[in-house]
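Visitor: Take a look and give me a structure for this.
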Amino acid sequence: SHPEFMSTPASNTGASSHRWVILALLFFATTINYIDRSILSLIKPEYLDKELGWTNTQYGYVNSAFQFAYALGLLGFGWFIDRFGTKIGYTVSIVFWSVAAAGHAAVGSVMGFGVARVFLGLGEGGNFPAAIKTVAQWFPRAERAFANALFNSGSNIGSVVAPLVVLPVAAAWGWRSTFVIAGIAGIIWVFFWLPLFRNPPQQDDDAGGVEEKVAWRSLFKTRQAWAYMVCKILTDPVWWFYLIWLPDYFKKEQHLDLKHLGAVPGLLNPLNVSAWLAAQSAAVQYSVYAVLACIVIWAVLGFVKAGFNLANLGKALLAPLVICLLPFFAWMFSQPLVVLYTIVTVLSIFAGWLVKRFAEVGHDIVKVRKVSMLIFALCSLPIFFVRGLGMWEAVFLIAFAASAHQAWSASIYATVSDTFPKKAVASVSGLGGFAGSLGGMVFPIVAGMVLDANPTGGYAILFSFCAFAYVVAFAIHHILVPKLEMAEV
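Guide: As a prediction, this is how the structure comes out:
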């Protein structure tokens with residue numbers, strides 16, 4: 001037996017609060033995961049398209065190679081995590097994918113990127129099986145959809161952070177440096193995960209004792225596993241489409257200049273402030289000095305009034321710091337992709353909290369899960385009308401649909417721990433992820449072919465699929481598992 005499967009009832013109080021530390025680690029791992037996989041789509045329009053001269057179809061094949069490897073990684077790590085535990089499994093996964101991410105810097109051809117994406121996909125396949133099982137170990141059933149929404153919001157935060165970090169770094173040091181920095185970030189995470197992960201407490205739905213292993217063939221005999229896999233194969237490609245193709249969509253359909261994201265305005269770059277100030281008139285210079293003096297006086301008076309200690313110094317500096325950063329935030333939220341994924345983050349977390357709230361006040365968990373899944377499926381339908389909209393209208397509509405996807409995903413993840421014992425959660429998550437990756441493997445190739453064959457109307461066809469996939473998935477899921485009954489494995 002592995003020690004992390006043993007309960008520790010004596011320390012339930014400490015473990016109860018410590019579960020939020022564990023959840024924070026899952027969030028940061030997922031954030032790093034999505035930054036790593038977002039780099040390619042961000043540098044494609046402005047750097048790789050010119051350097052490699054590849055077609056949309058070739059780009060689709062490269063992403064398909066990632067999806068194929070990701071599917072294998074989900075299967076392999078699903079078994080590995082059930083066998084050796086989440087602590088070891090997560091560590092192996094993130095070290096593997098971090099080394100693979102850094103390895104992208106060494107390639108310079110379409111084939112080379114295909115090979116690099118294969119290794120990245122194999123490693124990243126461990127993230128969600130490990131995270132979903134960790135949530136099942138640390139959180140009671142009523143909180144799992146919310147916990148899943150919180151850690152899964154790392155995928156949105158990663159998508160927000162990626163353009164703000166990747167494009168400036170690529171502009172300053174070249175696109176290869178972005179992959180190296182992403183690999184280093186994953187290794188740093190491991191140094192927090194290993195000492196902070198401890199034995200999880202026993203939950204109400206634990207059978208107690210040591211977990212037995214589950215044979216995969218027994219999972220294929222259950223309607224619950226097939227319901228989860230069908231939902232993943234239909235809806236996962238939609239999120240992959242957003243992640244892989246949205247930068248290209250905004251550049252070609254909305255004429256967004258992605259390269260300007262890599263050029264931080266001069267006033268936001270400390271190295272440029274002195275040169276900018278020296279070039280201004282005396283009146284402007286004195287005005288800047290006056291504002292800076294007021295900020296300093298404000299901070300000093302606040303510090304003196306509150307008392308001389310580090311905590312009060314931090315409070316005194318907070319407001320001036322916010323004021324100084326206002327131009328940065330104004331610039332940041334003028335970027336369409338940043339706004340889009342920020343909206344997705346906020347709405348998806350709110351949706352997860354709402355599901356948690358309804359479960360906590362006594363509503364039947366099955367009804368809460370089913371109704372929320374139906375609502376999230378219906379919220380994806382308006383994306384059908386994105387064709388012909390202006391840039392900011394498209395940003396808000398796509399953000400709404402992508403938020404619905406993330407909220408849907410959090411609920412779908414929760415149905416695994418609703419319908420399977422913990423000994424099977426990682427394996428079922430791996431199988432579902434494998435199914436989703438099969439869909440994700442085919443869809444980029446189809447998308448590339450559609451866009452090459454129909455440059456003017458291709459995106460309308462692809463967004464139509466995104467609109468209706470969730471309603472179809474919900475209908476099939478409800479037919480197979482109408483009451484989310486526990487599977488017998």
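
Visitor: rest of the way, CA atoms for contacts and neighbours
Guide: Will do.

Visitor: got any ranges where the stretch 1-150 of the chain has weak pLDDT?
Guide: Where the stretch 1-150 of the chain drops to pLDDT under 70, the residues are 1-15.

Visitor: Now do the helices in it.
Guide: Under the criterion DSSP state H, counting those that start in this stretch, the stretch 1-150 of the chain contains helices at 12-43, 49-52, 56-84, 86-103, 110-124, 127-138, 144-173.

Visitor: now the third one, how far from the centre of its chain.
Guide: Okay, so that is helix 56-84. Relative to its chain's centre, helix 56-84 lies at 16 Å (Cα atoms, centre = their mean, to the nearest Å).

Visitor: cool, and the longest one?
Guide: Distance of helix 12-43 from the chain centroid (Cα atoms, centre = their mean) equals 9 Å.

Visitor: helices or strands next to that helix in the packing?
Guide: helix 127-138, helix 144-173, helix 175-196, helix 223-252 (3 or more Cα pairs under 8 Å, 6 or more residues apart in numbering; DSSP states H and E).

Visitor: quick one on the thing from earlier: export the helices of the stretch 1-150 of the chain to TSV and tack on mean neighbour count and distance to Lys356?
Guide: Formatted as TSV, these follow (neighbours: other Cα atoms under 10 Å; distance: least, Cα to Cα, whole Å):
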stretch	mean neighbour count	distance to Lys356
helix 12-43	21	15
helix 49-52	12	44
helix 56-84	25	26
helix 86-103	23	24
helix 110-124	23	28
helix 127-138	26	14
helix 144-173	24	6
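
Visitor: Spatially nearest residue to Gly436 (excluding sequence neighbours)?
Guide: Ile233 (3.9 Å; Cα to Cα, 6 or more residues apart in numbering).

Visitor: what sits against that neighbour?
Guide: Contacts here follow Cα atoms under 8 Å, 6 or more residues apart in numbering; on that basis Ile233 touches Gly432, Ala435, Gly436, Ser437, Leu438, Gly439, Gly440.

Visitor: In TSV: those residues, plus distance to Asn56.
Guide: As requested, the contacts of Ile233 are exported to TSV (distance: Cα to Cα, whole Å):
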residue	distance to Asn56
Gly432	28
Ala435	24
Gly436	22
Ser437	20
Leu438	19
Gly439	18
Gly440	16
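
Visitor: Among those, name the ones in helices.
Guide: Among the contacts of Ile233, DSSP state H puts Gly432, Ala435, Gly436, Ser437, Leu438, Gly439, Gly440 in helices.

Visitor: How about the contacts made by the third one?
Guide: Residues in contact with Gly436 (Cα under 8 Å, 6+ apart) are Ala71, Met229, Cys231, Lys232, Ile233, Leu234, Thr235, Asp236, Pro237.

Visitor: repeat for the last one
Guide: When the contact criterion is Cα under 8 Å, 6+ apart, the partners of Gly440 are Ser64, Gln67, Ile233, Asp236, Pro237, Trp240.

Visitor: for Glu360, same thing?
Guide: By Cα under 8 Å, 6+ apart, the contact list for Glu360 reads Ala142.

Visitor: before we move on, back to that, reformat the helices of the stretch 1-150 of the chain as TSV; add distance to Gly352.
Guide: TSV is the format used below for those (distance: least, Cα to Cα, whole Å):
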stretch	distance to Gly352
helix 12-43	14
helix 49-52	38
helix 56-84	24
helix 86-103	24
helix 110-124	24
helix 127-138	14
helix 144-173	5
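
Visitor: nearest to Tyr249, of the ones you listed?
Guide: For the helices of the stretch 1-150 of the chain, distance to Tyr249 was read as Cα to Cα. The smallest value, 10.8 Å, belongs to helix 12-43.

Visitor: quick one: stretch 193-202 to chain centroid distance?
Guide: On Cα atoms, centre = their mean, the centre of stretch 193-202 falls 23 Å from the chain's centre.

Visitor: which stretches of the stretch 151-300 of the chain aren't confidently modelled?
Guide: The stretch 151-300 of the chain contains residues with pLDDT under 70 at 202-213, 258-300.

Visitor: Try it again at 90.
Guide: For the stretch 151-300 of the chain, applying pLDDT under 90 flags the ranges 151-174, 196-221, 239-240, 243-300.

Visitor: contacting residues for the residue positioned nearest the centre of the chain?
Guide: Note on the chain: the residue nearest the mean C-alpha position is Ser155, at 0.8 Å, using Cα atoms, centre = their mean. For Ser155, the contacting residues are Thr30, Thr31, Asn33, Tyr34, by Cα under 8 Å, 6+ apart.

Visitor: Those residues into a markdown table, with extra columns for distance to Ala447?
Guide: Below are those laid out as a markdown table (distance: Cα to Cα, whole Å):
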| residue | distance to Ala447 |
| --- | --- |
| Thr30 | 26 |
| Thr31 | 26 |
| Asn33 | 23 |
| Tyr34 | 21 |
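
Visitor: farthest pair in those?
Guide: Across those, the longest distance by Cα to Cα is 6.2 Å; it joins Thr30 and Tyr34.

Visitor: Find residues that contact each of the two.
Guide: Contact criterion Cα under 8 Å, 6+ apart; residues shared by Thr30 and Tyr34: Gly154, Ser155, Gly158.

Visitor: could these go into a markdown table alongside distance to Pro195?
Guide: As requested, the shared contacts of Thr30 and Tyr34 are exported to a markdown table (distance: Cα to Cα, whole Å):
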| residue | distance to Pro195 |
| --- | --- |
| Gly154 | 21 |
| Ser155 | 24 |
| Gly158 | 24 |
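
Visitor: between those, which is closest to Leu42?
Guide: Gly158 (12.4 Å).

Visitor: The closest one - nearest residue in space that isn't next to it in sequence?
Guide: Using Cα to Cα, 6+ apart and skipping the chain neighbours, the partner closest in space to Gly158 is Thr31 (4.3 Å).

Visitor: again, but for Phe443
Guide: Spatially, and ignoring its direct neighbours in sequence, Phe443 is nearest to Pro237 (6.2 Å; Cα to Cα, 6+ apart).
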